[in-house]
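[1] pasting the structure only:
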C-alpha cells in the first residue's frame, strides 16, 4: 500500500456535490470547537483515564493507582477532561467518583478501540 496521495487526472468541479457539502458545513466556530475537542483525545494519559472510566466509575485515588501516576497528575488531567465535558463526577461520602459524561463519549472510545482492533487483525 502506497502512502502517496492520489489526485484526479483532470480538474473537474462537481457543483452539485460542492453545494451539498457547503450547505451542511457547520459554522467556523463550531468546527473550531470540534477540533479543540479532538485535541483533548490527543494525549495518551487522558486516553488512559478515559479508558479506565469506560470500564468503571472510579475515584481519583484508584485512577492514580491504576495508571501508576500521582493523584496530582491525574487531577490535572481530570480537570481538562471535565472542562471538555467528557467526564462528570459525583460525591459519595468522602470520595469523588468520576465517570464518562454520556453515551457519546462511550461510543467514541468504543468505536476507536474497534477501529484499532480491526487494523491490528488485517
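    It's in. Keep in mind that what you see is a predicted model, and the values were worked out from it rather than measured.
[2] Closest to the centroid, which residue in the chain?
    When the chain is reduced to its mean C-alpha position, the nearest residue by C-alpha atoms, centre = their mean turns out to be residue 41, at 4.0 Å.
[3] how about stretch 63-77: buried residues?
    The neighbour-count criterion (16 or more other C-beta atoms under 10 Å) identifies 63-64, 66-67, 69, 74, 77 as the buried residues of stretch 63-77. Bear in mind the C-beta positions are built from the backbone N, C-alpha and C, glycine included.
[4] Same check on stretch 41-53?
    41, 46-50, 52-53.
[5] Tell me, how many residues neighbour the residue nearest to residue 26 when sequence neighbours are not counted?
    If you skip the residues right next to it in sequence, residue 26 has residue 34 as its closest partner in space, 7.5 Å away by C-beta to C-beta, 6 or more residues apart in numbering. Other residues near residue 34 come to 11 when the count uses other C-beta atoms under 10 Å.
[6] circling back to that earlier point, with the buried residues of stretch 41-53 in mind, which one is nearest to residue 10?
    Proximity to residue 10 was ranked across those by C-beta to C-beta; first place goes to residue 41, at 37.8 Å.
[7] Which pLDDT value belongs to that closest one?
    Looking at residue 41, its pLDDT stands at 91.
[8] Check residue 1 too.
    Looking at residue 1, its pLDDT reads 54.
[9] Ok, residue 62 next?
    pLDDT for residue 62: 97.
[10] Look at it and tell me its secondary structure.
    State at residue 62, reduced to three classes by DSSP: H, G, I helix; E, B strand; the rest coil: helix.
[11] and if you look at residue 99?
    Classification of residue 99 into helix, strand or coil gives strand, according to three-state DSSP.
[12] what about it, how many residues close to it?
    For residue 99, the count of nearby residues is 16 (other C-beta under 10 Å).
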